[in-house]
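Visitor: Below are the sequence and a predicted model; questions follow.
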Amino acid sequence: MNRTELVAALADRAEVTRKDADAVLVALAETVGDIVAKGDEKVTIPGFLTFERTHRAAREGRNPASGEAMTIPAGYSVKVSAGSKLKEAAKGK
């Protein structure tokens, strides 16, 4: 499902216009992004998803082109965890 299809499905389910559904989707993405960027709290949509900023330590890696050893700097990433309702839906229940 691409973005256009998702917006159409949201609009149909919520009985709103596609423009309004798209605005809500954009607002959700921006809000979650802002909170995760701060890194001091996680965003939980009960039963669905949890978004959390994580720190990755510096580590050794290899350049895939040359095979040469290199240091990958420390940085941040996002951990996304499925909630119980989403896990059940994935099982087909």
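Guide: Received the coordinates, thanks.

Visitor: all contacts plus neighbour counts: C-alpha atoms, from now on.
Guide: Will do.

Visitor: ok, the residue lying closest to residue 50 once chain neighbours are set aside to residue 26 distance?
Guide: In space, and not counting its chain neighbours, residue 50 is closest to residue 44: 4.3 Å by Cα to Cα, 6 or more residues apart in numbering. Using Cα to Cα, to the nearest Å, residue 44 is found at 17 Å from residue 26.

Visitor: Neighbour count: these two, which is higher?
Guide: residue 44 (16 against 11; other Cα atoms under 10 Å).

Visitor: How about the secondary structure of that one?
Guide: Secondary structure, DSSP: H, G, I helix; E, B strand; the rest coil: residue 44 is strand.

Visitor: any low-confidence regions in this protein?
Guide: Counting by pLDDT under 70, the chain contains low-confidence residues at 93.

Visitor: which residues of it fall in helices?
Guide: Here the chain has its helices, by DSSP state H, at 3-14, 18-38, 84-90.

Visitor: quick one: buried residues of the longest one?
Guide: Buried residues in helix 18-38, defined by neighbour count with 16 or more other Cα atoms under 10 Å: 18, 21, 22, 25, 33, 35, 36.

Visitor: so can I have JSON lines of these showing distance to residue 88?
Guide: Below are the buried residues of helix 18-38 laid out as JSON lines (distance: Cα to Cα, whole Å):
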{"residue": "18", "distance to residue 88": "28"}
{"residue": "21", "distance to residue 88": "26"}
{"residue": "22", "distance to residue 88": "27"}
{"residue": "25", "distance to residue 88": "24"}
{"residue": "33", "distance to residue 88": "26"}
{"residue": "35", "distance to residue 88": "27"}
{"residue": "36", "distance to residue 88": "26"}
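
Visitor: Tell me the one of those nearest residue 77?
Guide: Nearest to residue 77 among the buried residues of helix 18-38: residue 36, at 9.5 Å, using Cα to Cα.

Visitor: Looks like that closest one contacts residue 42 (just checking).
Guide: Yes - in this structure, residue 36 is within contact of residue 42 by Cα atoms under 8 Å, at 6.6 Å.

Visitor: any residues in contact with both of those two?
Guide: With contacts taken as Cα atoms under 8 Å, 6 or more residues apart in numbering, residue 36 and residue 42 have 51, 52, 53 as neighbours in common.
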